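K.L.:
need a 3D model of the following:
(one chain, ligands or ions: 1)
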Amino acid sequence: MTDTTDTTDTRADTRADTGADSGLPPRPPEPPLRAKVRLMRTLLREPAPALDELRREYGPVVGLGTWPARMAVVGGPAAIREMFQAGADTYRWGHRFMFGLRFVVGSGSMIVSDGEDHKRRRRAAQGAFSRPRLDDMVPMILRRTDEAIDELARSTAPGAEIDLHPFGRHLIIGITLEAFFGPRIAARVDEISALLQSSQDFLEAPAVQQMPQPLSLRRRGRVRADLRAIDRIVGEEIELRRGDRGAAREDLLQSLIEDDSLSEEEVYDQAMTAMGAGFDTTSATLAWTLVRAGRSPEVWSRLRAEADRVLVEPRTASPSEPSTLTELSEARNVVHESLRLHPAGLFATREAARDVSIGGFTIRRGTLIVWSPYLAGRDEDSWTEPLRFDPDRFNDLDADQQAQADQAWIPFGRGPHMCLGFALAQMELTLTIARLAQRLDVTATSTEIPRPFGLVVNRPTGGAVLRVTCDVPRGGS
Ligand code: HEM
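P.N.:
Below you'll find the predicted structure:
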């Protein structure tokens, strides 16, 4: 893990912000000053209502902030597509506002890199996400889900009210650790999960508390100590593998160690990136999926019927044929629909490296572009009854409808920095929700949909609370 001072050359545009450039489209509309200040503040504390208001009141592309922190919020699906279509060198991901993330994942992480460095770092990790590698993970994901449910059954009374978010987080962390770092590291899931908490809290804190300044020294010190402890755990595993004392594995860590193009520090930074990017995003989505599916007895029983058909007894059998996932179409749609309404990141950012035209407006060089899969997923021109949870909406689409849905369904982004774990996350979510529906009876304790909270990772306020009974005997099962 590296912690370097931000030396990014932002080349921020210092021209007076008049928007009077000849030959360029106009600058995007902006809220009046007072509303702008209020919306900026809300966006950085509770993004969902601010994003909703910006889209509703000002349109698909809105200017916010002012130099040197000029921002543009892009929420219309067509505008976001146009943004994705501009070449990678139009944007910078290693920008000056990434100081908090860079502190956690290290300055050698792909997620805060650009150009050739980004390509090299991403390429080193990519093999671990190939389809055959993912297919090999299916039995392990089911086994871990079964073990977690067995433990839940032992530790809770039938019909107890349980927040399934921490349950799901623990499960997803275990799955991801075993998949990427092997069983020895996965056995330390409790320790690693606790060590990751401080960096999650740090990234969710207001930006000023993330900056290197006297008041944040303690918080940063705690995060740094926990990250070093994780580095030590990863380092021990690397030593064991280099000493040939562990069986050779085909996983992310092995791909990183064997890639000669990476420095030692870059290996650690990509490892930390996988942990940072993979756990809380996926477990927050599982929580939202449980919130939504758990409120619909019809959806839950369809998930169960499908799982009974596809994930056959004995429960720990290895249905590793790739067809398993294809056959879980109900579960896939439920996950897809949850990601549409509740993407793990309500927004993601990149900086304009040059003037760029988006949605008929000029976004000036140096502007922080805040694009929102949340707004695209709720866009009224793209989705029928956008706020309704309807997993069947993805069935039987004609070519035009499919193109429209593809444009507006973007929880994982697109382009050179598109989420590397997109297929893994969807596979984990599809298998876990199917197995949970197969083995748990659930009743929602409230019909209300919780408010989203979290700046970096969108989670349901209050968690995913359901009344749960495990393994109720069923006729013929
Ligand atoms: C539901 C779960 C997830 C969601 C919604 C999600 C979403 C995203 C988004 C929106 C981005 C940024 C795209 C951009 O800036 O253009 C991203 C990047 C990334 N995600 Fe995910 N992610 C999820 C799970 C995972 C998992 C399981 C991993 C596995 C390690 C992962 C690894 C990454 C990495 C490495 C990047 C940076 C890629 C790059 O910079 O080239 N994510 N993700």
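
K.L.:
pLDDT weak spots in the stretch 151-300 of the chain?
P.N.:
Along the stretch 151-300 of the chain, the model assigns pLDDT under 70 to residues 208, 215, 244-248.

K.L.:
and the helices in it, which stretches?
P.N.:
164-181, 183-186, 189-204, 207-210, 217-242, 252-258, 264-294, 297-310 (DSSP state H, counting those that start in this stretch).

K.L.:
nearest to the ligand, of those?
P.N.:
With Cβ to the nearest ligand atom, the closest approach to the ligand among the helices of the stretch 151-300 of the chain belongs to helix 264-294: 3.3 Å. For the C-beta atoms, the positions are set from N, CA and C on the backbone; glycine is no exception.

K.L.:
next one: the closest one to chain centre, how far?
P.N.:
For helix 264-294, the separation from the chain centroid amounts to 6 Å (computed by Cα atoms, centre = their mean, to the nearest Å).

K.L.:
what about that helix and the ligand, touching?
P.N.:
Yes: under the criterion of Cβ under 6 Å from any ligand atom, the ligand is reached by helix 264-294 at 273-274, 277-278, 281-282, 285.

K.L.:
stretch 197-210 too?
P.N.:
No: judged by Cβ under 6 Å from any ligand atom, stretch 197-210 stays clear of the ligand, getting no closer than 13.8 Å.

K.L.:
what's next to that stretch, contact-wise?
P.N.:
Contacts to stretch 197-210, defined as Cβ atoms under 8 Å, 6 or more residues apart in numbering, come from residues 44-45, 97, 99-101, 103-104, 215-216, 219-220, 222-223, 226-227, 276, 280, 454-457.

K.L.:
thinking again about what came up before, show me which of the residues of helix 264-294 next to the ligand are buried.
P.N.:
Neighbour-count burial (16 or more other Cβ atoms under 10 Å) applied to the residues of helix 264-294 next to the ligand gives 273-274, 277-278, 281-282, 285.

K.L.:
now the closest residue to Q426 other than its chain neighbours: how far from P391?
P.N.:
Once flanking residues are discounted, Q426 sits nearest to V335: 6.1 Å by Cβ to Cβ, 6 or more residues apart in numbering. Distance of V335 to P391, given as Cβ to Cβ, to the nearest Å: 9 Å.

K.L.:
wait, what's in contact with the residue nearest to F167 when sequence neighbours are not counted?
P.N.:
Setting aside the residues directly before and after it, F167 is nearest to L152 in space (Cβ to Cβ, 6+ apart), at 6.3 Å. Shown in contact with L152 (Cβ under 8 Å, 6+ apart): 162, 167, 468, 470.

K.L.:
filter the residues you listed down to the ones near the ligand?
P.N.:
Here nothing survives when these are matched to the ligand using Cβ under 6 Å from any ligand atom.

K.L.:
related to what we said a few turns ago, among the contacts of stretch 197-210, which ones are buried?
P.N.:
97, 99-101, 103-104, 216, 220, 223, 226-227, 276, 280, 454-457.

K.L.:
coming back round to it: which one of V335 and P391 has more residues nearby?
P.N.:
Higher neighbour count among V335 and P391: V335, with 27 against 23, using other Cβ atoms under 10 Å.

K.L.:
I'd like to check the angle between the helix or strand where that one lies and helix 297-310, please.
P.N.:
V335 belongs to helix 329-341 when assigned by DSSP states H and E. Taking axes from the mean of the first three to the mean of the last three Cα atoms, to 10 degrees, helix 329-341 and helix 297-310 form an angle of 140 degrees between their directions.

K.L.:
can you list the helices and strands that whichever helix or strand comes after helix 329-341 packs against?
P.N.:
Per DSSP H and E, the first helix or strand lying C-terminal to helix 329-341 is strand 348-352. Counting contacts by 3 or more Cβ pairs under 8 Å, 6 or more residues apart in numbering; DSSP states H and E, strand 348-352 is packed against strand 91-92, strand 368-371.

K.L.:
compute the distance between E428 and the ligand, please.
P.N.:
7 Å (Cβ to the nearest ligand atom, to the nearest Å).

K.L.:
correct me, but that residue touches I173?
P.N.:
No: applying Cβ atoms under 8 Å, one finds E428 not in contact with I173, separated by 11.0 Å.

K.L.:
could you dump the helices and strands packed on strand 348-352 into JSON lines and include distance to the ligand and mean neighbour count?
P.N.:
Listed next are the helices and strands packed on strand 348-352 as JSON lines, based on distance: least, Cβ to the nearest ligand atom, whole Å; neighbours: other Cβ atoms under 10 Å:
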{"stretch": "strand 91-92", "distance to the ligand": "9", "mean neighbour count": "23"}
{"stretch": "strand 368-371", "distance to the ligand": "8", "mean neighbour count": "23"}
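
K.L.:
can I get those in JSON lines with mean pLDDT?
P.N.:
Supplementary listing: these in JSON lines, determined by pLDDT from 0 to 100:
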{"stretch": "strand 91-92", "mean pLDDT": "96"}
{"stretch": "strand 368-371", "mean pLDDT": "97"}
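
K.L.:
redo these as CSV? Include distance to R70.
P.N.:
Converted to CSV, the helices and strands packed on strand 348-352 look like this (distance: least, Cβ to Cβ, whole Å):
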stretch, distance to R70
strand 91-92, 14
strand 368-371, 7
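
K.L.:
for the stretch 351-477 of the chain, which residues are neighbours of the ligand?
P.N.:
411-413, 417-421, 424-425.

K.L.:
buried ones among these?
P.N.:
411-413, 417, 419-421, 424-425.

K.L.:
contacting residues around the residue nearest in space to the middle of the chain?
P.N.:
Central residue of the chain (Cα atoms, centre = their mean): T281, 3.6 Å from the mean position. By Cβ under 8 Å, 6+ apart, the contact set of T281 is 344-345, 421, 425, 457.

K.L.:
so which of the residues you listed comes closest to the ligand?
P.N.:
Among the contacts of T281, G421 lies closest to the ligand (Cβ to the nearest ligand atom), at 2.1 Å.

K.L.:
can you pull the pLDDT of the closest one?
P.N.:
With respect to pLDDT, G421 scores 97.

K.L.:
list phi and psi for it.
P.N.:
For G421, the backbone dihedrals (degrees, to the nearest 10) come out as phi -100, psi 20.

K.L.:
remind me which residues of the stretch 301-450 of the chain are low pLDDT?
P.N.:
Applying pLDDT under 70 to the stretch 301-450 of the chain flags residues 313-323.
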